[in-house]
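S.K.: the following block contains a protein sequence and its predicted model.
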Amino acid sequence: LIDYKMIPGMAYREGLTAEEWTEDLRYLARKMEEVHPRLFEMVPRERFEAQVAELEREIPQLDENRIKWEIYRIVTLPNDAHTYFNIFNYKLDWHMMPLKLWLFPSGLYVLDAGRDERETIGTRVIAVEGTAVEDLYWMLRPYLSAESESHWKERFTYLVTGSEALMAAGICDGPGPIDVTFESRDGRRFTMAVRPYHYLPLIYWAGMRKVDNDVPYIFWNERQDAYWFEYQEDTGTLFVQYNQCVRESRTESIEQFVERLGAWVEANEFERCVIDIRKNDGGDGNVSLQLADLVIGNGRLDRPGRLFVLTSRKTFSAAVMFLSLMECSTSAVMVGEPTGQGPFFSAVPRPVALPNSGIEINVSRRYNRCALIDDGRDSIEPDVAVEYTYEDHLAGRDPMMEAVLAYEPPGVATAELEPGAVQLLAGRYRFSPYQILTVESVGEDLLL
């Protein structure tokens with residue numbers, strides 16, 4: 001066991017006075033207003049200031065853990081997924097149960113677990129400290145930013161393992177062990193006292209440790225390669241895996257990758273192209289433009305009914321920027337789950353360190369517009385919605401790729417026009433407040 005407070009640079013202050021916590025709270029409120037570009041568009045000023053004032057009155061009666069999490073409730077008020085506690089600041093001293101979870105349509109399941117909890121792998125989580133998972137979902141929601149229902153499902157699987165979050169929500173009384181009730185595949189229920197550990201090694205195990213490229217997207221871990229492609233000869237599919245919007249992957253830069261992919265596209269025949277961004281939770285927005293530039297206007301890639309993008313609740317930030325470009329500028333068919341964010345979002349967070357506790361908050365400082373000017377969606381819905389079930393996971397099946405291979409383009413209704421009607425229809429039309437539709441007569445055809 002490691003006492004992380006003994007490691008240089010990881011010490012944090014304990015036993016702050018109510019006055020010091022109040023000073024931190026006021027500082028946070030000022031900085032959020034100063035840094036965030038749309039704070040009071042996302043949460044009314046009156047509500048924000050009222051909750052800050054309410055917490056200020058309550059601080060003398062709260063313990064240190066509850067103060068931290070009530071501060072976090074202030075941070076989550078705008079529901080901006082890029083405004084959150086910096087978990088790598090080392091001054092939170094959180095603890096987590098060693099469980100990797102995923103919320104399937106049929107419930108919350110254990111994908112992997114620590115060595116003392118191996119028997120829980122493959123089970124469904126029924127309750128934590130006697131509180132049903134369905135109730136946990138709503139009790140923990142105020143403590144985590146998520147801009148869409150899809151993304152909240154994904155982030156919930158982390159928050160529900162945190163002992164300090166469970167304590168703040170009144171689900172458990174202390175840091176652990178925590179009683180968790182599981183249900184095995186044969187219907188047997190059992191309760192295990194699961195011990196939480198310091199979150200840093202668990203974050204590495206659950207998210208930062210790299211795994212093989214073909215691990216299903218429901219596992220958080222980074223993959224060995226940020227981007228790669230292969231030709232799947234049995235289906236005639238050019239499969240492009242785009243896992244992270246980063247400038248360098250293991251063996252090549254994004255420029256080298258795009259050049260290599262473009263050369264392959266020009267030199268080979270293929271039936272369809274599939275771009276998989278289900279594991280892509282963002283990165284550098286400028287990087288996402290480079291792959292998009294290869295696809296947009298490329299007649300060998302952008303073919304109606306032959307270009308597909310796979311999406312999931314993990315598709316987030318710069319990956320949503322890429323997807324929005326595909327939606328607006330290509331004929332791509334989107335297959336999978338709604339994304340974790342809509343095409344308009346705040347991002348590029350700036351760290352704000354609270355003066356007394358040293359806790360660091362990331363606050364968005366830029367507003368990204370990745371679609372048409374009145375797009376208010378909180379996620380991008382797929383054209384072909386496909387759920388990934390626990391049965392799919394057990395069978396090693398990819399229902400989203402199956403949907404791609406079974407896809408048939410919808411038929412287009414046609415009508416015979418009277419002679420001369422083509423010329424009468426030609427012209428410029430106001431299609432919407434921000435779009436003009438131009439119709440040209442080319443012989444007996446119409447060009448739109």
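M.R.: Received the coordinates, thanks.

S.K.: give me the most central residue, the protein.
M.R.: Here the mean C-alpha position of the chain is nearest to the C-alpha of K314 (Cα atoms, centre = their mean), at a distance of 3.5 Å.

S.K.: check contacts around that one.
M.R.: Counting by Cβ atoms under 8 Å, 6 or more residues apart in numbering, K314 makes contact with 154, 217, 220, 278-281, 340. (C-beta placed from N, C-alpha, C; glycine too.)

S.K.: ok, now N268?
M.R.: 231, 238.

S.K.: how near is it to F308?
M.R.: 18 Å (Cβ to Cβ, to the nearest Å).

S.K.: check V240 too.
M.R.: On the measure of Cβ to Cβ, V240 and F308 end up 10 Å apart.

S.K.: need the residues touching each of the two.
M.R.: Contact criterion Cβ under 8 Å, 6+ apart; residues shared by V240 and F308: 273-275.

S.K.: strands - which of those land there?
M.R.: The members of the shared contacts of V240 and F308 that map onto strands under DSSP state E are 273-275.

S.K.: between these, which is closest to G174?
M.R.: I275 (47.0 Å; Cβ to Cβ).

S.K.: what's near enough to touch the closest one?
M.R.: 240, 242, 291, 295, 307-310, 326, 332.

S.K.: quick check: beta-bridge partners of it?
M.R.: When bridges are called by DSSP bridges, I275 pairs up with V240, V309.

S.K.: so what's it scoring on pLDDT?
M.R.: Looking at I275, its pLDDT is 98.

S.K.: how close does it sit to I171?
M.R.: As judged by Cβ to Cβ, I275 and I171 stand 40 Å apart.

S.K.: list the buried ones in the longest helix seen in the chain?
M.R.: Ordering each helix of the chain by length in residues (DSSP state H) puts helix 18-35 first. Neighbour-count burial for helix 18-35, counted by 16 or more other Cβ atoms under 10 Å, picks out 20-25, 27-29, 31-32, 35.

S.K.: so which elements touch the helix or strand of the chain at the bottom of the mean pLDDT ranking?
M.R.: Lowest on mean pLDDT, DSSP states H and E among the helices and strands of the chain sits strand 445-447, with a mean of 79. If you count contacts as 3 or more Cβ pairs under 8 Å, 6 or more residues apart in numbering; DSSP states H and E, strand 445-447 packs onto helix 421-425, strand 435-442.

S.K.: surely Y137 and T157 touch.
M.R.: No - using Cβ atoms under 8 Å, Y137 makes no contact with T157, being 10.4 Å away.

S.K.: mind listing the strands in the stretch 151-300 of the chain by residue range?
M.R.: Using DSSP state E, counting those that start in this stretch, the strands of the stretch 151-300 of the chain run over residues 178-183, 189-194, 197-198, 227-232, 237-242, 272-276.

S.K.: run a quick neighbour tally on S253.
M.R.: By other Cβ atoms under 10 Å, 14 other residues sit near S253.

S.K.: ok, and the closest non-adjacent residue to it?
M.R.: Among residues not flanking S253 along the chain, R247 sits closest, at 6.0 Å (Cβ to Cβ, 6 or more residues apart in numbering).

S.K.: gap between the one you found and M96?
M.R.: 31 Å.

S.K.: could you do S379 as well?
M.R.: Note on S379: its distance to M96, by Cβ to Cβ, is 27 Å.

S.K.: cool, and K68?
M.R.: 15 Å.

S.K.: those two - which one has more neighbours?
M.R.: M96 (25 against 22).

S.K.: contacting residues for that one?
M.R.: 158, 161-163, 196-197, 199, 202-203 are the contacts of M96 under Cβ under 8 Å, 6+ apart.
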